[in-house]
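A.B. asks: Output the structure for:
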Amino acid sequence: MLFGKKNRWFIKESIILCPEEGKYGVNIPKGIWHTLESLETGSVFFEYKEGIFRATRSGWNTKDG
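C.D. replies: Numbering: from 1, shown residues only. You can find the predicted model right below:
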């Protein structure tokens, strides 16, 4: 789910991945708040974020934020 904010947070888009339909992944633009939810057991998520990894109190960060 991708979120947007005007006066309050709302679900802007919801995408269901399905290998039978050839939907293996999604590109989430930089700076977009999002969440992932597994609909089946045994699912694996891989999230890639560009930039240099620097540990912070929140757990991760990149050079450009």
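A.B. asks: alpha carbons only for contacts and neighbour counts from here, please
C.D. replies: Noted.
A.B. asks: quick one: residue 25 and residue 19 touch, right?
C.D. replies: No. Assessed by C-alpha atoms under 8 Å, residue 25 is found out of contact with residue 19, at 9.2 Å.
A.B. asks: Between the two, which has more neighbouring residues?
C.D. replies: Between residue 25 and residue 19, counted using other C-alpha atoms under 10 Å, residue 25 has the larger neighbour count: 14 against 8.
A.B. asks: what about the nearest residue to that one once chain neighbours are set aside, distance to residue 39?
C.D. replies: Distance criterion C-alpha to C-alpha, 6 or more residues apart in numbering; nearest residue to residue 25, sequence neighbours excluded, is residue 17 at 6.5 Å. Distance from residue 17 to residue 39, counting by C-alpha to C-alpha, to the nearest Å: 10 Å.
A.B. asks: The two: who's more crowded?
C.D. replies: Per other C-alpha under 10 Å, whichever of residue 17 and residue 39 has more neighbours is residue 17, with 13 against 9.
A.B. asks: Spit out the contact partners of the more buried one.
C.D. replies: 23, 24, 25 (C-alpha atoms under 8 Å, 6 or more residues apart in numbering).
A.B. asks: ok, now with 10 Å
C.D. replies: 23, 24, 25, 26, 38, 39 (C-alpha atoms under 10 Å, 6 or more residues apart in numbering).
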